[in-house]
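Peer 1: my questions concern the predicted model and sequence given below.
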There are 2 protein chains.
Amino acid sequence: MSEKSIDSKRSDINSLKVSEKPSFIHAHDDLVEKVNENMPDEEILYDLAELYKVFGDSTRIKILYVLFESEMCVYDIARLLNMTQSAISHQLKVLKQSKLVRYRREGKTVFYSLADDHVRTIIDQGMEHISE
Amino acid sequence: MSEKSIDSKRSDINSLKVSEKPSFIHAHDDLVEKVNENMPDEEILYDLAELYKVFGDSTRIKILYVLFESEMCVYDIARLLNMTQSAISHQLKVLKQSKLVRYRREGKTVFYSLADDHVRTIIDQGMEHISE
DNA sequence: TAAATATATGAACAATAGTTCAAATGAAAG
DNA sequence: CTTTCATTTGAACTATTGTTCATATATTTA
């Protein structure tokens, strides 16, 4: 259980009076306080982690890579990745919820495509990192 | 079980002869074939997903945000995030293994800092995405 | 309306992962 | 070399998650 409390806005180290902290312990109060002030809200950091979770599965990464090149229907994505249509559909749902892909219906077929260009940038940077 | 087979290099849809595919099913063979040719190797896509998994936890995101501002020792990070020192140490290990942070020892204390600038770019892009 | 195709969904199962707790290292100071 | 502080590590527990299987929904056509 890692994503438990998203209600408390900030860490509360600053709410401790200096006098309550054991003085013999190595600690850099001024630095901690300064950094703490510049931290984004807990909720934003949580949402950010949720976004990266979506990228953190190789099936979804493959789907995104496929959509880099062309919009594609569910059945073709499944063939291309050699996976069941159900598995792909489940993952497309996740991608849809994160607004990373969009879709259009054409008769019985649903075509998926990339939602915006952040996806490319994020993946490009990741590629650079692992290529070092 | 999602990250099972990393040995097979590419999807094998193209190894099916056209005559073996049921003809009544909606499919776009030429498109699938073309996209398949441009797909990176399975292993690379797997590593990429592994990298994003590291970003996909709010504790680790917070640690990275802290290190944006300053190098910091384990104890102070734990105080700042209001978590146990052990939990932080476990997560720092993960970040270390992905080469996202580095550390230097000074006496009993270990200071952690960001490894390179890809981290900032990736997180900045993620921030942009969720801010829309 | 019934049949066929394309996609979506829900429950179940197995595997993964984050935190806690206890204990082990590592380094400096007495 | 024993004690103290800082960090690391391993095992256990729980929660989360990706796939499968069966079934449901949606759209077109006979």
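Peer 2: Cool, the structure landed.
Peer 1: low pLDDT regions in chain A?
Peer 2: In the predicted model, chain A carries pLDDT under 70 at residues A:1-27.
Peer 1: tell me which parts of it are close to DNA strand C?
Peer 2: For chain A, the residues in contact with DNA strand C (CB under 7 Å from any atom of the strand) are A:1-2, A:73-75, A:85-86, A:89-90, A:92-93, A:103, A:108-110. Yep, even glycine has a C-beta here, placed from its N, CA and C like the rest.
Peer 1: these: which ones sit near chain B?
Peer 2: Among those, the ones lying near chain B by CB under 8 Å from any CB of the partner chain are A:2, A:73, A:75, A:108, A:109.
Peer 1: and residue A:114, how close does it get to residue A:66?
Peer 2: Residue A:114 sits at a distance of 10 Å from residue A:66 (criterion: CB to CB, to the nearest Å).
Peer 1: hang on, I meant residue A:101
Peer 2: 10 Å.
Peer 1: do the same with residue A:75
Peer 2: 13 Å.
Peer 1: ok, the two, which is more surrounded?
Peer 2: residue A:66 (23 against 19; other CB atoms under 10 Å in any protein chain shown).
Peer 1: what's the closest of the ones next to chain B among the residues of chain A next to DNA strand C to residue B:59?
Peer 2: For those, the minimum distance to residue B:59 (CB to CB) is 6.3 Å, reached by residue A:2.
Peer 1: next, count neighbours for the closest residue in space to residue A:88 that isn't next to it in sequence.
Peer 2: Sequence neighbours aside, residue A:78 is the residue nearest to residue A:88 in space, at 4.5 Å (criterion: CB to CB, 6 or more residues apart in numbering or on different chains). Neighbour count for residue A:78, taken as other CB under 10 Å: 19.
Peer 1: Provide the secondary structure category for residue A:78.
Peer 2: helix (DSSP: H, G, I helix; E, B strand; the rest coil).
Peer 1: what sits against it?
Peer 2: A:84, A:85, A:87, A:88 (CB atoms under 8 Å, 6 or more residues apart in numbering or on different chains).
Peer 1: ok, now with 10 Å
Peer 2: A:63, A:72, A:84, A:85, A:86, A:87, A:88, A:89, B:13 (CB atoms under 10 Å, 6 or more residues apart in numbering or on different chains).
Peer 1: gap between the second one and residue A:66?
Peer 2: According to CB to CB, residue A:72 and residue A:66 sit 6 Å apart.
Peer 1: got any residues that touch both of those two?
Peer 2: Counting by CB under 10 Å, 6+ apart, the shared contacts of residue A:72 and residue A:66 are A:80, A:112, B:32, B:35.
Peer 1: residues touching the residue nearest to residue A:39 when sequence neighbours are not counted, list them.
Peer 2: Of all residues not flanking residue A:39 in the chain, residue B:65 sits nearest, at 6.1 Å (CB to CB, 6+ apart). Residues near residue B:65 by CB under 10 Å, 6+ apart: A:35, A:38, A:39, A:40, A:44, A:45, A:48, B:80, B:81, B:119, B:123.
Peer 1: please consider this matter closed, and thank you.
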